[in-house]
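Student: no sequence for this one, just the structure:
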């Protein structure tokens, strides 16, 4: 049944014949499953156009009003929440600043209040609440829905996030890493559509990657795949990372490192531009460097170029190892400008093997801060409509059953 | 039909009920497909034991005598060939030294002769010749079966290997990278059985990896994934790699680098042991270093430890990026001894993130030089019995049809 549902929901099949082509099932099997899905209320079948003799052609569509989802994207300093239809359209959205380091009790109180707020804002959305997806800025054990030793999230280690939200909302809950959510968003809704092997790299305060391997999210054995911010790129003993190791990529090229180096440039009298920025706002951001670079400030140009080179060298290794057809660069630092992207491209094309770069595309994120929310919605729907889970919950009032089942597995 | 076949062939299902459990298909569908597979000659169904009332239980098994395969593993300096049953048992095997750099005409003449030789040695093996699998020591575009710009294979760039062997043997041919074949071998027959996320690292003359992502071989967009030998690990301008770049892992820690550094140690008078080795055999190998280390030769110990540290640092980054549950170390240098593995483990556990190493196992290859041959057989069978290809070739005398189809796609 799942194969037929997903042929219509994701595959674009709109007739029984197209479903048959898509799934390889015979006519009788397709007819039976379509009929079951219509009974359950996940698919509608309507007559279209005049009959050309024989049975009139009928149009199949996924009922995007059958259910809806809540998704919450937790960043280091902000919380972004939306109510999304089963067709992955955002009906209501709101966000507010938080400090993830204030711990799960404070942050999740706000998350739950914003979930209530978007439900209210959306009026009475059609269908049931089917599930919840939450992204956090750190490693997550996907099977249990718990953050594991997340470096910038004190108090969150092994916090039972799934259980807490299940208790409050009585629907199935999935938790994943923020960058995985963005990668899925870009892959199913954004610039990475149609690619089967993708590396999405987020360069913000931290640096992390989300990986698509042959058309599936690669989470790895513990769900921590893509944690590239702590790959060693320098043996300079003065570069100490917040993770405790030396020379991590993040400690050299992340947002915090750029701010540190930007401020240092003002102390050495090297940049009048950055001195002005620092006097005005008390800090230097990647965006300030981008603006400085566009005004010809040499220190800004050099800092962004060095950042691009360090990230590029790590990506060059990743290209050899993973051979993606597309690298998507997202996050605050990446939005800083073309200089960084140009430096990064130069290193990758120079340092990776010819076969791996022959048709490699390096592009900027197309969805910006929508990537995470849309990716979470996609993720929750794909889990709900998986062969393993659909039989557990489908039918009236049953998301709660799946919710308990998942919470019990944790 | 493929799902039922593979439930019996790979999944261990031996009754209709087990097939139903394995595939999720209904009784009628299982019965129909089993009956088709018996008709085609891929499955046998035999009564077992006395009836307990009602229809007697029947035992399903894959007909391992239905067909056989030829597999050829091309190394830099040797050629290893086998005839394998559909049940992945080796019936005949032979090997001989070659120089891969002597080019495709010379090497493939030998390969074809050895293919003929093992067919003769195996007598008249049961069933048809179904297909051929060949591994080469360089990047391969899997879809076309052609080596692409392989650094140690002059004359082989874009050589139509599939077309040549198809023309000669009239069966479907697949070509892949040598390390991918070994990775699949260890995963389906060796130490990596049961793991879903695996990095197989071969440290020989060259260094390369084969990746299993969530239970499937990850080849990447062009089939060049795992080419880790040319990841930059040093910016020392004196370390020039055969690929033309500086500071590649292979140029520091590959078999050639160890030989170079071992010989250098004799010149500096640093090692009486290695001087003896060099005088005796004219070269220094990883095995010599291992023996030296076991006899307390300080230069040998230091060289192996440095090699392990360099490889370990690259693997530490890979562990963060890919989060495998198992790393398998194979290849000639890896067989050198425990010292290298110990150094490598130390760096990985020290430099990778705690979540990624929590249950990470680092093991040595269990199959040695059988890994590649068995992996090739698995690969060919998985392709033959894929939903896309099975309908093209199945039936009497039809491998030739698939052979033409594949050769035409290249």
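Tutor: Nice, thanks for sending it over. What you are looking at is a predicted structure, and each value in this text was computed from that prediction instead of being measured.
Student: Quick check: nearest residue in space to residue A:20, chain neighbours excluded?
Tutor: Excluding its sequence neighbours, the residue lying closest to residue A:20 (C-beta to C-beta, 6 or more residues apart in numbering or on different chains) is residue A:30, at 5.0 Å. Where C-beta positions appear, they are placed from N, C-alpha and C, glycine not excepted.
Student: quick check, stretch A:22-29 touching chain B?
Tutor: Yes. Residues of stretch A:22-29 contacting chain B under C-beta under 8 Å from any C-beta of the partner chain: A:24, A:29.
Student: Can you list the buried residues in that stretch?
Tutor: Across stretch A:22-29, burial judged by 16 or more other C-beta atoms under 10 Å in any protein chain shown covers A:22, A:23, A:25, A:29.
Student: try stretch A:305-322
Tutor: The neighbour-count criterion (16+ other C-beta under 10 Å) identifies A:305-322 as the buried residues of stretch A:305-322.
Student: Sort out for me which of those are in helices.
Tutor: A:305-322 (DSSP state H).
Student: all helices in the stretch 301-410 of chain A, in order from the N-terminus.
Tutor: Under the criterion DSSP state H, counting those that start in this stretch, helices of the stretch 301-410 of chain A are mapped to A:338-351, A:354-357, A:370-384, A:390-393, A:399-409.
Student: Identify whichever of these lies nearest to residue B:110.
Tutor: Residue B:110 lies closest, by C-beta to C-beta, to one member of the helices of the stretch 301-410 of chain A: helix A:354-357, at 25.9 Å.
Student: Give the other helices and strands that the closest one contacts.
Tutor: With contacts taken as 3 or more C-beta pairs under 8 Å, 6 or more residues apart in numbering or on different chains; DSSP states H and E, helix A:354-357 sits against helix A:298-322.
Student: Tell me if the helix it packs on is near chain B.
Tutor: Yes. Where contact is defined by C-beta under 8 Å from any C-beta, part of helix A:298-322 touches chain B, namely A:313, A:314, A:316, A:317, A:318, A:320, A:321, A:322.
Student: Please name the spatially closest residue to the third one (chain neighbours excluded).
Tutor: If you skip the residues right next to it in sequence, residue A:316 has residue A:351 as its closest partner in space, 3.6 Å away by C-beta to C-beta, 6+ apart.
Student: Relative to residue A:345, how far out is that neighbour?
Tutor: Look at residue A:351 and residue A:345: by C-beta to C-beta, to the nearest Å, they are 11 Å apart.
Student: what's the overlap in contacts for the two?
Tutor: residue A:312 (C-beta atoms under 8 Å, 6 or more residues apart in numbering or on different chains).
Student: out of these two, which sits in the busier spot?
Tutor: Per other C-beta atoms under 10 Å in any protein chain shown, whichever of residue A:351 and residue A:345 has more neighbours is residue A:351, with 22 against 19.
Student: wait, residue A:197 sits on residue B:222?
Tutor: No. Under the criterion of C-beta atoms under 8 Å, residue A:197 makes no contact with residue B:222, lying 9.1 Å away.
Student: Overlap in contacts, those two.
Tutor: A:323, A:325.
Student: List the buried residues for stretch A:114-127?
Tutor: A:114, A:115, A:118, A:119, A:122, A:125.
Student: In helices, which of those residues fall?
Tutor: Using DSSP H, the buried residues of stretch A:114-127 in helices are A:114, A:115, A:118, A:119.
Student: quick one, what contacts residue A:173?
Tutor: A:131, A:132, A:133, A:134, A:145, A:161, A:162, A:165, A:166, A:403, A:406, A:407.
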